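Novice: Show me the folded form of this:
(one chain, ligands or ions: 2)
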Amino acid sequence: MADGAPARCYALITSAGNGSRAVRPADPAAPKQYQRLAGQRVIEHTLAAFLALPHWAGVAVVVAPGDDAYQSSDARVRVWPVGGAVRAQTVHNGLQQLAAAGARDSDWVLVHDAARCLIEPAQIERLLAACWDDPVGGLLALPLPDTLKSATAATAATAAMPRVAATLERDHKWLAQTPQMFRLGALRAALAAHQGSGYAGITDEASAIERSGAQPLLVPGSASNFKITYPADFALAEALLAQRQTQRLALPDSATAATPTTAPMNPASPAPATPAPNPLAGLRIGEGWDIHALVPGRPLILGGIHIPHPSGLLGHSDADALLHAITDALLGAAALGDIGTLFPDTDARFAGADSAQLLAQAMQRVAEHGYALINLDTTVIAQAPKLAPYKAAMQARIAEVLGLQPGQVNVKAKTAEKLGPVGQGLAIECRAVALLQRVA
Ligand SMILES: Nc1ccn([C@@H]2O[C@H](COP(=O)(O)OP(=O)(O)OP(=O)(O)O)[C@@H](O)[C@H]2O)c(=O)n1
Ligand SMILES: C[C@](O)(CO)[C@H](O)COP(=O)(O)O
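Specialist: Numbers count the residues shown, from 1 in each chain. Ligands and ions are numbered 1, 2, ... in the order given. Presented below is the predicted three-dimensional model:
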């Protein structure tokens with residue numbers, strides 16, 4: 001509380017790298033933080049762990065200039081396209097933005113790599129608890145587990161497999177992880193001192209703080225909190241994320257949900273009693289329904305595709321009743337309200353909106369609240385046109401928008417047996433059911 005006010009706590013997620021060492025053959029264009037693993041993008045797994053905690057005055061995600069691939073509807077999150085050429089520059093720029101946004105020098109900042117997507121809320125709390133009353137701050141880190149070798153300088157002959165130059169002393173050596181937690185003012189000043197050299201040798205926040213003469217705390221982390229760096233890391237990360245999802249499925253909600261604590265900085269809380277497994281806990285179901293009038297002169301957009309027909313659905317957006325029903329089913333399952341609250345039909349921004357984009361935003365919101373989508377079942381009730389030829393395309397498009405496999409989405413079509421306005425061809429009605437699983 002150096003300047004009198006109680007310290008607040010910010011998270012700063014570095015997400016401006018291009019992941020040149022982790023090119024994934026399946027999707028070589030996307031940097032590692034945007035690769036999809038176990039139903040969500042890497043960055044979404046990372047953010048879910050942070051957003052599961054209640055401590056933040058703000059969560060800043062620093063992305064590369066011009067990068068708009070990540071947005072968040074969580075009010076705590078700001079996305080700033082001010083990433084730099086090196087990670088330290090990205091952090092420095094993010095800290096300047098935080099300060100400009102009202103963060104004080106005495107506030108704590110936890111800097112974390114977007115690429116460490118296996119971070120867990122408990123690990124973040126461990127760092128907070130260890131550092132909160134420390135004059136310097138610290139980082140999650142792991143004692144070096146293996147024998148350490150230096151290698152001969154690479155020559156053409158040894159480029160693929162160099163030779164051992166020496167065995168190094170390994171006592172007291174730790175591998176630095178993130179988050180790394182320091183006071184905003186101290187970290188900003190420490191980084192500023194190296195701006196002129198292009199941040200040479202500043203490969204993490206602690207190295208800058210060390211060079212200012214302070215000694216950060218080494219807080220034991222976890223081997224699972226590794227940084228996705230090489231292509232093979234994706235498979236390991238995905239296996240661990242999938243395993244966590246399965247384990248959470250087998251535990252009651254009380255054991256898996258983030259528990260906002262009034263004293264999060266106290267590391268000495270008693271261990272909870274072992275809960276009895278409940279195979280249904282962590283699952284949430286939601287239903288959605290929508291109906292739009294069918295009028296001549298509008299394109300018929302259903303399930304995210306254009307279906308040739310003399311009339312189309314009337315509405316403020318593109319009126320895709322099927323995507324609207326799915327959006328409501330997702331929001332409903334996560335108890336996040338409904339489509340009308342999120343995207344009001346009185347808001348001119350949504351006039352003619354592509355409902356696929358609205359659905360993608362709703363899915364992102366659901367993911368940020370710690371849920372993955374297991375499956376969707378839907379029904380379209382339309383007297384005409386005949387929808388059977390379009391069902392597979394609708395399924396594929398919905399799966400694409402939601403990042404699912406086509407087998408996780410089902411589209412059924414029925415007529416209304418000529419009964420009521422739907423049966424008379426005046427409207428199309430859609431229903432959807434979504435099953436979510438808590439994953440963070
Ligand atoms: N100029 C940079 C470089 C890296 N990062 C971020 O810092 C984290 C760790 O860096 P690293 O693993 O080196 O990521 P990349 O630079 O993306 O990878 P590479 O070095 O393989 O190109 C990642 O979340 C990355 O997005 C960043 O924000 N700004
Ligand atoms: C900050 C860091 O994750 C600590 O291990 C690491 O130094 C960043 O990775 P990079 O490959 O050096 O950018």
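
Novice: residues in contact with residue 18?
Specialist: Counting by CB atoms under 8 Å, 6 or more residues apart in numbering, residue 18 touches 31, 64. Quick note: C-beta positions are derived from backbone N, CA and C, even for glycine.

Novice: pLDDT value on it, please?
Specialist: The confidence metric pLDDT takes the value 94 at residue 18.

Novice: I'd like to know how far the nearest residue to residue 224 once chain neighbours are set aside sits from residue 130.
Specialist: Nearest residue to residue 224 in three dimensions, chain neighbours excluded: residue 118, at 4.8 Å (CB to CB, 6 or more residues apart in numbering). Per CB to CB, to the nearest Å, residue 118 is found 20 Å from residue 130.

Novice: Give me every residue in the protein lying close to ligand 1.
Specialist: 14-22, 31, 33, 62, 83-87, 90, 113-115, 227, 229 (CB under 6 Å from any ligand atom).

Novice: Please pick the buried ones from these.
Specialist: 14-17, 19, 22, 31, 33, 62, 83-84, 86-87, 90, 113-115, 227 (16 or more other CB atoms under 10 Å).

Novice: Among those, which are located in helices?
Specialist: When DSSP state H is applied, these are split such that 87, 90 fall in helices.

Novice: As a check, name the ranges of all helices in this structure.
Specialist: Applying DSSP H to the chain gives helices spanning 42-51, 87-100, 121-131, 184-192, 205-211, 232-249, 253-256, 321-333, 339-342, 355-368, 391-402, 420-423.

Novice: Neighbours of the residue nearest to residue 224, how many?
Specialist: For residue 118, the neighbour count with other CB atoms under 10 Å is 22.

Novice: Would you agree it is in contact with residue 45?
Specialist: Yes - under the criterion of CB atoms under 8 Å, residue 118 makes contact with residue 45 at 7.4 Å.

Novice: ok so, going back, sitting in strands, which of the buried ones among the residues of the chain next to ligand 1 do you find?
Specialist: Mapping those onto strands (DSSP state E) picks out 14, 15, 62, 113.

Novice: State the pair within these that is farthest apart.
Specialist: Spanning the widest gap among these are 62 and 113, at 11.1 Å by CB to CB.

Novice: joint contacts of the two?
Specialist: Counting by CB under 8 Å, 6+ apart, the residues touching both residue 62 and residue 113 are 13, 14.

Novice: By mean pLDDT, which helix or strand of the chain comes out lowest?
Specialist: helix 253-256 (a mean of 50; mean pLDDT, DSSP states H and E).

Novice: Just the pLDDT for residue 279.
Specialist: At residue 279, the pLDDT value in this model is 55.

Novice: Need the residues touching each of residue 118 and residue 45.
Specialist: Common contacts of residue 118 and residue 45 (CB under 8 Å, 6+ apart): residue 241.

Novice: Tell me which residues touch whichever residue of the chain sits closest to ligand 2, please.
Specialist: Nearest to ligand 2 in the chain, going by CB to the nearest ligand atom, is residue 204, at a distance of 3.6 Å. Going by CB under 8 Å, 6+ apart, residue 204 touches 87, 139, 176, 178, 180.

Novice: before we move on, what about residue 17?
Specialist: Taking CB under 8 Å, 6+ apart, one finds 31, 32, 33, 64, 83, 87, 90, 115 in contact with residue 17.

Novice: and what of residue 365?
Specialist: Contact analysis of residue 365 by CB under 8 Å, 6+ apart lists 73, 74, 331, 334, 336, 342.

Novice: Is it correct that the last one is in contact with residue 363?
Specialist: No - taking CB under 8 Å as the definition, residue 342 is not a contact partner of residue 363, at 11.6 Å.

Novice: which of those two has more neighbours?
Specialist: The neighbour count for residue 342 versus residue 363, taken as other CB under 10 Å, is higher for residue 363 (25 against 17).

Novice: What ranges in this structure fall below the confidence cut-off?
Specialist: In the prediction, the chain carries residues with pLDDT under 70 at positions 1-3, 248-281.

Novice: same thing but 80
Specialist: Scanning the chain for pLDDT under 80 picks out 1-4, 154, 156-160, 245-282, 406, 439-440.

Novice: what's in contact with stretch 342-360?
Specialist: Stretch 342-360 has contacts (CB under 8 Å, 6+ apart) with 73, 301, 304, 315-320, 323-324, 326-327, 330-331, 336, 339, 361-362, 365, 397-398, 401-402.

Novice: got the CA coordinates for it in PDB?
Specialist: Provided in PDB are the C-alpha atoms of stretch 342-360 (Å, rounded to 0.1, in the frame of the first residue of the first chain):
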ATOM      1  CA  LEU A 342     -27.100  -9.600 -25.300                       C
ATOM      2  CA  PHE A 343     -28.000  -8.300 -28.700                       C
ATOM      3  CA  PRO A 344     -31.200  -6.100 -28.400                       C
ATOM      4  CA  ASP A 345     -33.300  -5.800 -31.500                       C
ATOM      5  CA  THR A 346     -33.600  -2.000 -30.700                       C
ATOM      6  CA  ASP A 347     -29.800  -1.700 -31.200                       C
ATOM      7  CA  ALA A 348     -29.000  -0.400 -34.700                       C
ATOM      8  CA  ARG A 349     -25.600  -2.300 -34.600                       C
ATOM      9  CA  PHE A 350     -27.500  -5.500 -35.000                       C
ATOM     10  CA  ALA A 351     -29.600  -4.500 -38.000                       C
ATOM     11  CA  GLY A 352     -29.100  -7.100 -40.600                       C
ATOM     12  CA  ALA A 353     -26.500  -8.800 -38.300                       C
ATOM     13  CA  ASP A 354     -25.000 -12.200 -39.300                       C
ATOM     14  CA  SER A 355     -26.500 -14.400 -36.600                       C
ATOM     15  CA  ALA A 356     -23.500 -16.700 -37.000                       C
ATOM     16  CA  GLN A 357     -21.400 -13.900 -35.500                       C
ATOM     17  CA  LEU A 358     -23.800 -13.400 -32.700                       C
ATOM     18  CA  LEU A 359     -23.800 -17.100 -32.000                       C
ATOM     19  CA  ALA A 360     -20.000 -17.200 -31.900                       C
END
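
Novice: That one: how far from the chain's middle?
Specialist: Remark: stretch 342-360 is offset 22 Å from the chain centroid, using CA atoms, centre = their mean, to the nearest Å.

Novice: Same question for that stretch: list its buried residues.
Specialist: The neighbour-count check on stretch 342-360 (16+ other CB under 10 Å) flags 342, 343, 350, 353, 354, 355, 356, 357, 358, 359, 360 as buried.

Novice: Distance to residue 217 for those residues - can I get that in JSON lines?
Specialist: Below are those laid out as JSON lines (distance: CB to CB, whole Å):
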{"residue": "342", "distance to residue 217": "42"}
{"residue": "343", "distance to residue 217": "45"}
{"residue": "350", "distance to residue 217": "49"}
{"residue": "353", "distance to residue 217": "49"}
{"residue": "354", "distance to residue 217": "49"}
{"residue": "355", "distance to residue 217": "49"}
{"residue": "356", "distance to residue 217": "47"}
{"residue": "357", "distance to residue 217": "44"}
{"residue": "358", "distance to residue 217": "45"}
{"residue": "359", "distance to residue 217": "44"}
{"residue": "360", "distance to residue 217": "41"}
